[in-house]
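Asker: Return a 3D structure for these sequence lines:
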Amino acid sequence: MKLKDKVAIITGASKGIGKAIAIAFAREGAHLSLNFLQQPEDEVKKLTDELQSFGSRVITVRGDISKEETVKHLVEQTLNTFGKIDILVNNAGILTQSLIQDMTVETWDRMMEIDLRSVFLTTRYVVPHMIEQKSGRIINIATQLGQKGGVELSHYAAAKAGVIGFTKSIALELGKYGITANCIAPGPIETDLVADIDPEWKKNKKKELAIPRFGKVEEVAPTAVLLAADPDGNIYTGQTLGPNSGDVMI
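Answerer: Residues are numbered from 1 along each chain as shown. Here you go, the predicted model:
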């Protein structure tokens, strides 16, 4: 029970890595405030029931996390329910493909809204409460492509590189308040996002990996537990941890 009675906000929590982190946190005793945009009610109920079976209290807040009003509502609901916020996991994201010469401005802007702007907004509204309580863990989900780039993924890589730079900067700002900020930069993971990527791209990508397979969400979630837990994650800050099958080695 490494996270017993801690309160965590997780964005994009209904599936993929976000869902896996929610389950891992619940198993470790955390209470959860989950954000998602579009998910059938029966699937949300199934996930909520699973999380509550571990003894967690769970609230869910629908809405586009790139919108300021959604973020304000999420933070307010979390504080009204639990009275504090110990952990923020910025996981919400989208993934699309386009060569730069074919990319529309709308495609670029939407990527920046969901994958980068949302990270700023949630952090902006959560941090004052963490400062007040003199503690907090911020965990931002990036990607190894934010470190090395990717063909047909310049907008995605740029947004995630922005997340990494943002995380290092707030780590410097917030450490004096007992707040850590770190990134997890997974390699290709078997999720719904990656399922929609071109099969030839995925085939070629596997050939590049030191461990020649894509990861699973349950192989990423333990890194989030590490960063959130005391004493496990106490002196990690400004770091980018890479469960990436050896695609980036630092």
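Asker: quick one: the helices in the chain?
Answerer: Under the criterion DSSP state H, the chain carries helices at the ranges 16-27, 41-52, 68-82, 105-112, 118-133, 145-148, 154-174, 192-195, 199-208, 221-228.
Asker: From D232, how far off is the residue most central in space within the chain?
Answerer: The centroid of the chain falls nearest to N91 when counting by Cα atoms, centre = their mean (2.1 Å). Distance from N91 to D232, counting by Cβ to Cβ, to the nearest Å: 19 Å. C-beta: built from backbone N, CA, C; applies to glycine.
Asker: Quick one: find the helix or strand in this protein with the lowest mean pLDDT.
Answerer: helix 192-195 (a mean of 78; mean pLDDT, DSSP states H and E).
Asker: what distance separates that helix from the centre of its chain?
Answerer: Distance of helix 192-195 from its chain centroid, counting by Cα atoms, centre = their mean, to the nearest Å, is 15 Å.
Asker: Extract the CA atoms of that helix and return them as CSV.
Answerer: C-alpha atoms of helix 192-195 as CSV (Å, rounded to 0.1, in the frame of the first residue of the first chain):
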residue,chain,number,x,y,z
ASP,A,192,-5.7,2.0,-28.9
LEU,A,193,-3.6,5.0,-30.0
VAL,A,194,-0.9,2.8,-31.5
ALA,A,195,-3.5,0.4,-33.0
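Asker: any residues touching that helix, and which ones?
Answerer: Applying Cβ atoms under 8 Å, 6 or more residues apart in numbering, the contact partners of helix 192-195 are K15, G16, G93, I94, L95, P188, K202, F214.
Asker: With stretch 242-250 instead?
Answerer: With contact meaning Cβ under 8 Å, 6+ apart, stretch 242-250 is reached by 144, 147-148, 184-188, 208-215, 219-220, 223, 240.
Asker: Give me the buried entries from these.
Answerer: 144, 147, 184-188, 209, 214-215, 219-220, 223, 240 (16 or more other Cβ atoms under 10 Å).
Asker: Show me which of those residues has the smallest pLDDT value.
Answerer: Of all those, P188 carries the smallest pLDDT score, 91.
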